[in-house]
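> Quick one: sequence plus predicted model below, questions after.
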Amino acid sequence: MTESDGKPDPGSAASEPKYADRVYRSVPGVISGALLLVVAGWLIIDAALTGTGRVPWIALAAVPVFVPPIVAYTIRPVVYSNSSRLLVRNPLRTVKAPWSSVEGLKSGYSVELFAGGKSYQVWAVPVSMRQRKRANRVKVRAAAAGDPSTATPGVLTPTRRPVRAGESNPTRAWSDQVVDTLRETAELNAANPAAVGEVSVRWCWWIIAPTLLGLVAFITLIAVS
């Protein structure tokens, strides 16, 4: 704050514009998770209403055994990025990495985040080898036809501006495009004062604890039945 007019200093971090998070997640994963929840719910409700003896209780005990893991591994994973940090929400833990702590991202057989001297899987961005092969075939065909749109992200061709990370590019698999975008964001914000900090990891106990307790109850009911 300046003493003369009480307005924020244009050069201060408080005066920087705030942007909404960019969100990355697997839509097929969310859809499959929703379908699994519907099937599991139907089976559990049917067993609870029509079962005899201990079956209804076993069905109810199965709810925390199956529902939280389905949510954790299909619906929960997501990646949020803004100008200050990268937030990776995995099935059982959440990783918050300010851009200054991000050492790199790799898209191999899976997407990995390297930050704070450690590596973390990025569940929200699954790698599809089939999609990658299809994108490579498109790239080869387009290159053979002399199409300049097959340019590598960031490389300038004589007839086209650079292909920027994050733009739709049929010659790159979706997971590779996401990694390109996150790498570019990391480079742009590496010197951002708001992007300084340490990596923090939080375990998702609301998934872990009910699943473990439900598993104990589930096994106990089956053992005594």
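Received it, and whenever you're ready, just let me know what you need.
> Show me where this structure has its helices.
Assigned by DSSP state H, the helices in the chain fall at 27-50, 55-70, 129-144, 174-188, 205-224.
> residues of the lowest-mean-pLDDT helix or strand in the chain that come out buried?
One helix or strand of the chain scores below all others by mean pLDDT, DSSP states H and E: helix 129-144, with a mean of 83. If you call a residue buried by 16 or more other C-beta atoms under 10 Å, then helix 129-144 has these buried ones: 132, 135, 138-139, 142. For every residue, glycine as well, the C-beta is placed using N, CA and C.
> Might you list the low-confidence residue ranges for the chain?
Counting by pLDDT under 70, the ranges of the chain that qualify are 1-19, 146-168.
> mind running it again at 90?
Confidence mapping of the chain against pLDDT under 90 gives the ranges 1-21, 53, 128-173, 190-191, 224-225.
> circling back to that earlier point, out of the helices of the chain, flag the one nearest Ala20.
Checking the helices of the chain against Ala20 by C-beta to C-beta gives helix 174-188 as the closest, at 13.6 Å.
> quick one: the least confident helix or strand of the chain to helix 174-188, angle?
Going by axes from the mean of the first three to the mean of the last three C-alpha atoms, to 10 degrees, helix 129-144 is angled at 80 degrees with respect to helix 174-188.
> Can you list the neighbours in contact with helix 129-144?
For helix 129-144, the external contacting residues (C-beta atoms under 8 Å, 6 or more residues apart in numbering) are 109, 149-150, 170-176.
> ranking those by neighbours, who comes first?
Within those, most neighbours by other C-beta atoms under 10 Å means Arg172, with 25 neighbours.
> Do I have it right that it meets Val179?
No. At 9.4 Å, Arg172 does not count as touching Val179 under the criterion of C-beta atoms under 8 Å.
> quick one on the thing from earlier: out of the helices of the chain, which is closest to Ser81?
Closest among these, using C-beta to C-beta: helix 174-188, at 5.6 Å.
> one step back: just the buried residues of helix 129-144 now: which is nearest Trp206?
Arg132 (34.7 Å).
> Look up how far Arg172 lies from the closest one.
Computed as C-beta to C-beta, to the nearest Å, the Arg132 to Arg172 distance reads 8 Å.
> possible to save the helices of the chain as CSV with distance to Trp99?
Formatted as CSV, the helices of the chain follow (distance: least, C-beta to C-beta, whole Å):
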stretch, distance to Trp99
helix 27-50, 26
helix 55-70, 32
helix 129-144, 27
helix 174-188, 5
helix 205-224, 27
